[in-house]
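Student: sharing a model prediction with you, sequence too.
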Protein chains: 2
Amino acid sequence: MRAVTVYDTTLRDGAQTEGISFSAEDKLKITLKLDRMGFHYVEGGWPGSNPKDMEYFVRVRELGLQHATVTAFGSTRRKNTRPADDENLAAILKSGVKAATLFGKSWDFHVTRALGTSLEENLSMIRESVAYLRDQGLEVVYDAEHFFDGYKANPAYALATLEAAVAGGAAVLVLCDTNGGALPWELQAVVELVCKRFSVPVGIHAHNDGGMAVANTLMAVQAGATHVQGTINGYGERCGNADLCAVLPNLSLKCGVNTIPEEKLRHLVELSRYVSEIANMHPNPQQPYVGMSAFSHKGGVHVSALMKDPLTYEHINPEAVGNRRRVLVSELSGLSNLLYKIRELNLDLPNEGEVARQVLGQLKELEHQGFQFESAEGSFELLVRRAANGYEKPFILESLRILTELKENRAVHSEATIKLRVGEKIVHTAAEGNGPVNALDNALRKALEQFYPAIKGMRLIDYKVRVINEAAGTGAVVRVLIETSDGHRSWVTLGVSPNIIEASWQALADSFAYGLLKKNAAAGASAAGNPAPD
Amino acid sequence: MRAVTVYDTTLRDGAQTEGISFSAEDKLKITLKLDRMGFHYVEGGWPGSNPKDMEYFVRVRELGLQHATVTAFGSTRRKNTRPADDENLAAILKSGVKAATLFGKSWDFHVTRALGTSLEENLSMIRESVAYLRDQGLEVVYDAEHFFDGYKANPAYALATLEAAVAGGAAVLVLCDTNGGALPWELQAVVELVCKRFSVPVGIHAHNDGGMAVANTLMAVQAGATHVQGTINGYGERCGNADLCAVLPNLSLKCGVNTIPEEKLRHLVELSRYVSEIANMHPNPQQPYVGMSAFSHKGGVHVSALMKDPLTYEHINPEAVGNRRRVLVSELSGLSNLLYKIRELNLDLPNEGEVARQVLGQLKELEHQGFQFESAEGSFELLVRRAANGYEKPFILESLRILTELKENRAVHSEATIKLRVGEKIVHTAAEGNGPVNALDNALRKALEQFYPAIKGMRLIDYKVRVINEAAGTGAVVRVLIETSDGHRSWVTLGVSPNIIEASWQALADSFAYGLLKKNAAAGASAAGNPAPD
């Protein structure tokens, strides 16, 4: 069976998306996830371009990656210098990677116009830069920028640049449709020709300016390419890169071409959401394969046919990519999925069927309001425990009040007062913060620490706000996700409301409640007398 | 020169999108716009399916369309009846259209499984239904549902269904990839074969489940199809239909195939936004050709090359589709990007070099705090204008106070009080909202409307919150982006602070200040006395 090498450039090309700005921490998280998903290469960044990327390359060595080779990106050496004197190449070496991706010019017009050098010098730049890194023991992926436009303008020269890369020792020749405007049949013919001419593996890197990056990638593989580059969710400058979330299932499930293992492909939706969450980009519900609506059926004709056989209106089984069928008129699926998830919690419930049915009803209602439990397993477990009975809340809100004041030429000021019932006792306190939610967090901790000292060991490590129905302006519903750590493990909780204070309260309250549950709330509960039942 | 017939199904297939629901009025507006754009066919709806569609067909006759033929959609007759007794066909006739689009089954599995009838009866249903409408004087477009899946399963039968449609008198045979999973090369081979076999024109109707609807449509045209169906912005069930906003420029500008006139194509962005506005769907910034980011450049390398020649990093001239080049400013971009941006504003500054240097210094400082101006052009222009002197603020904050209360079993409540200086006057007022920021928005409007009535016409259409240093938990810095529209154009402004109220205030204040600037603040300023200088 044929196979392709999967090369992800979310962290470099994807980071060029308008509105995306990854921290080094974000990049490390995504790298780890891609590694666990079985990706072969992760392009980590451009170490010569900024200090943030350099930090990433230092820290990525400690991740203990199992599958992925991390590559550093950079250009061929500057004109009229020696590779050993080139800052970019030096930065790549300094990054400590085992593989580098060098891009060079294929289009004669670019060489003379953008670089302002001779065609001959460009060939030397390519050959010498690749050879230099090879000599230092690195594997070199060669990205032939603007290859298809270059080939159209001057085929002999475009091919000569590839020959230069091969002469330098490139491990793979990646043909880039940098401006993203190639037509599928034209691209296919060029890839075919290059594959015939070179014995080095050929790759494809397609942009989506014509809306055809995914198809162009497939056409290239059909024509003999064995290395595919792209990004998660198709992130990238302008109209983005080829979306690997569509490329991989298209190849694996339809073309008989191995990409990542099939059991990993079943987590594709999870990967897509994870990355969009970190990038803080709103997921596209219509995204092929992984979108929320990708297997949603609205039409009555379709639904009745689907009930006879899903193949009638579905191109693949949604579970193959971790997605699910949604019937928008009547929610029929779900219970078995939910039972599966409940069993995962190991709660050992005698009445799990009944609990599942009850939770399913609540889920439908809550998801309609904008809750999304996929990434908030802490709140999900609390939902199940509350439905299962026997769960006692560690505290109950009586009231809270938050005041924020902003005056000309004075620092903004937020204060929270909070009144809680903890068992039989009432606690009423206040605290300040640099924002309203921070003040609330401080007040809540202050109120609870006397009853539950374990709270001192819990630290909020992530706070995310997502506006759900953005078009409603400042009246929109917001979803707050909070990640908390006790030093050993971390958990995510959520809240949803048109009022950000209320949404933050829900997520905060769940975060402490879940943390206490795991810490065995017994110690705290005895200190507080008898906690009130749910 | 080759030409294709452009057939829009936004009003029927596009209306199947999750979240879209068009009124008859909406549909009439879109029909008129498509007609003015030179579209050849507009599929108005399914008159047999609901009364709203019937109302549309009655009223559409009065629009005075110049180019477009409106078609009514429906299925072939029910099994074992006569066409004259079929309710759906009767509804099509009653709708008064000159052209109808009938869909029929091509896939043997669907005939036996979903329809539950014989293969022979399905052929009669197709032939008789087409013939019946033809006999009543209608032009009939035949949509061969699931044609590619059907052809794969039973080629002889799939072709027999087309023969039945031709025997009935179909004007065009539209091959539908209903489940959206066809591979480009497979689809192309089938279209080629059908085109060779039939003398009737062949059309294509592609869905996007594999992410390849645009490419598949082009492949079909390449193989001989002369009729293309799709929707504006690719709306449609699941992953949508082929996006005509990409199909048309791809064909017209790259393949030498006439679609709509070139001068109409220059209004494609306007059409795309108009339809998304009516559909109340958030535009996708990365949408090929017409997206806000489709010609946005972030990387410094790209920008310096672009300034030498736009062809270096653009696949077409953005003006050909009514879009524009945007250079995104960021701390990495440097003085040349910034000068480019400032010149774009057409402020005609005598000292632009000096202003650019000053703004660059501020940008670095602000971006370090978490500001990001690349997607907030409103705030960016205000920054430049403030640096250029001569700009007068329409209002100045004295103080604001926001109180949020949450009590057990009571709805959350937010109230804002605000005190502003507007010229010589002081205004002090208060308002409620469903959240703290909404309360602030309401109070600010209430304070300003008496001075600047233009504010009534400004509507917040997008509100985004991004937590920047998420790891700081609830003490993290947040970035707020607000998009505002005055019905004609929209602009984005931003604010950054660890306090979400303050960040929202900055973005809101900029949003109104920018809107007033564009509305020519003179009227408001005179009403308010002399506005205070910056």
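Tutor: Thanks, I have it. Numbers count the residues shown, from 1 in each chain, chains lettered A, B, ... in the order given.
Student: near chain B, which residues of the stretch 51-200 of chain A show up?
Tutor: A:75, A:109-110, A:113-114, A:178-181, A:183-185 (C-beta under 8 Å from any C-beta of the partner chain). Every residue, glycine included, has its C-beta placed from N, CA and C.
Student: now do the stretch 301-450 of chain A
Tutor: Residues of the stretch 301-450 of chain A lying near chain B (C-beta under 8 Å from any C-beta): A:302, A:304-305, A:308-309, A:311-316, A:328, A:396-408, A:412, A:414, A:433-438, A:440-441.
Student: centre-most residue in chain A?
Tutor: Centroid-nearest residue in chain A, with C-alpha atoms, centre = their mean: A:Val275, separated by 0.8 Å.
Student: what sits against it?
Tutor: A:10, A:30, A:33, A:232-233, A:235 (C-beta atoms under 8 Å, 6 or more residues apart in numbering or on different chains).
Student: dump those into a markdown table; add secondary structure as well.
Tutor: What follows is the contacts of A:Val275, written out as a markdown table (DSSP: H, G, I helix; E, B strand; the rest coil):
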| residue | secondary structure |
| --- | --- |
| A:Thr10 | coil |
| A:Ile30 | helix |
| A:Lys33 | helix |
| A:Ile232 | helix |
| A:Asn233 | helix |
| A:Tyr235 | coil |
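Student: of the residues you listed, closest to chain B?
Tutor: A:Tyr235 (8.3 Å; C-beta to the nearest C-beta).
Student: wondering if the helix or strand harbouring A:Ala503 reaches chain B at all.
Tutor: Remark: A:Ala503 resides in helix A:500-518, with elements defined by DSSP states H and E. Yes - using C-beta under 8 Å from any C-beta, helix A:500-518 reaches chain B at A:500-502, A:504-505, A:508.
Student: these: which two are farthest apart?
Tutor: Within the residues of helix A:500-518 next to chain B, two members stand farthest from each other by C-beta to C-beta: A:Ile500 and A:Leu508, at 11.9 Å.
Student: give me the more crowded residue out of those two.
Tutor: A:Ile500 (29 against 24; other C-beta atoms under 10 Å in any protein chain shown).
Student: ok, the nearest residue to the more buried one once chain neighbours are set aside - how many residues close by?
Tutor: Among residues not flanking A:Ile500 along the chain, A:Val478 sits closest, at 5.1 Å (C-beta to C-beta, 6 or more residues apart in numbering or on different chains). By other C-beta under 10 Å, 26 other residues sit near A:Val478.
Student: what sits against A:Val478?
Tutor: By C-beta under 8 Å, 6+ apart, the neighbours of A:Val478 are A:465-468, A:496-498, A:500, A:503, B:435, B:465.
Student: poorly predicted segments of chain A, please.
Tutor: A:298-304, A:306-308, A:327-337, A:340, A:368, A:374-375, A:469-471, A:520-534 (pLDDT under 70).
Student: which residue does the stretch 251-400 of chain A have closest to chain B?
Tutor: Residue nearest to chain B within the stretch 251-400 of chain A (C-beta to the nearest C-beta): A:His315, separated by 2.7 Å.
Student: name the strands paired with the longest strand along chain A and say parallel or antiparallel.
Tutor: Among the segments of chain A that qualify as a strand by DSSP state E, the longest is strand A:396-407. Sheet pairing for strand A:396-407, assigned by DSSP bridges, gives strand A:413-422 (antiparallel), strand B:396-407 (antiparallel).
Student: just those: most buried one?
Tutor: strand A:413-422 (a mean of 21; mean count of other C-beta atoms under 10 Å in any protein chain shown).
Student: widest-spaced pair of the contacts of A:Val275?
Tutor: A:Lys33 and A:Tyr235 (14.5 Å).
Student: of the two, who's got more company?
Tutor: Each of A:Lys33 and A:Tyr235 has its neighbours counted (other C-beta under 10 Å); A:Tyr235 has more, 26 against 18.
Student: what residues are up against the more buried one?
Tutor: A:10, A:13-15, A:17, A:20, A:241, A:275, A:279, A:281.
Student: surely A:Met219 and A:Val191 touch.
Tutor: Yes - counting by C-beta atoms under 8 Å, A:Met219 touches A:Val191, with 7.3 Å between them.
Student: ok, these two, which is more surrounded?
Tutor: Just comparing A:Met219 and A:Val191: by other C-beta under 10 Å the higher neighbour count belongs to A:Met219, 29 against 24.
Student: what does that one show for phi and psi?
Tutor: Backbone torsions of A:Met219, given as degrees, to the nearest 10, read phi -60, psi -40.
Student: do the same with A:Gln286
Tutor: phi -90, psi 10.
Student: next, count neighbours for it.
Tutor: That count, for A:Gln286 with other C-beta under 10 Å as the rule, works out to 25.
Student: how close does it sit to B:Tyr7?
Tutor: Plainly put, A:Gln286 is 21 Å away from B:Tyr7 if you go by C-beta to C-beta, to the nearest Å.
Student: likewise A:Arg2?
Tutor: Taken as C-beta to C-beta, the span from A:Arg2 to B:Tyr7 is 38 Å.
Student: the more surrounded of those two?
Tutor: Using other C-beta under 10 Å, the more surrounded residue of A:Arg2 and B:Tyr7 is B:Tyr7, with 25 against 11.
Student: then that one would be within a strand, right?
Tutor: Yes - with three-state DSSP as the criterion, B:Tyr7 is located in a strand.
Student: doesn't B:Asp143 make contact with it?
Tutor: No - using C-beta under 8 Å, B:Tyr7 is not in contact with B:Asp143; the gap is 10.0 Å.
Student: spit out the residues that contact A:Met219 and A:Val191 alike.
Tutor: Contacts common to A:Met219 and A:Val191, judged by C-beta under 8 Å, 6+ apart, are absent.
Student: and chain A, split by domain according to the record?
Tutor: The record's domain parsing of chain A by automatic domain parsing lists A:2-279, A:295-331, A:396-527.
Student: reformat those as JSON lines; add distance to B:Thr161.
Tutor: Converted to JSON lines, the domains of chain A look like this (distance: least, C-beta to C-beta, whole Å):
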{"stretch": "domain A:2-279", "distance to B:Thr161": "24"}
{"stretch": "domain A:295-331", "distance to B:Thr161": "16"}
{"stretch": "domain A:396-527", "distance to B:Thr161": "43"}
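Student: winner for burial among those domains?
Tutor: domain A:2-279 (a mean of 22).
Student: start and end of that one, how far apart?
Tutor: Taking C-alpha to C-alpha, to the nearest Å, domain A:2-279 runs 33 Å from one end to the other.
Student: check stretch A:428-446 too.
Tutor: Counting by C-alpha to C-alpha, you get 10 Å between the two ends of stretch A:428-446.
Student: that one: how far from the chain's middle?
Tutor: Chain-centre distance of stretch A:428-446: 32 Å, with C-alpha atoms, centre = their mean, to the nearest Å.
Student: just the strands in the stretch 201-350 of chain A please.
Tutor: Assigned by DSSP state E, counting those that start in this stretch, the stretch 201-350 of chain A shows strands spanning A:202-206, A:227-230, A:257-258, A:296-297, A:326-327.
Student: hmm, the longest one touching chain B?
Tutor: In this case it means strand A:202-206. No - for strand A:202-206, no contact with chain B is found by C-beta under 8 Å from any C-beta; the gap never falls below 10.8 Å.
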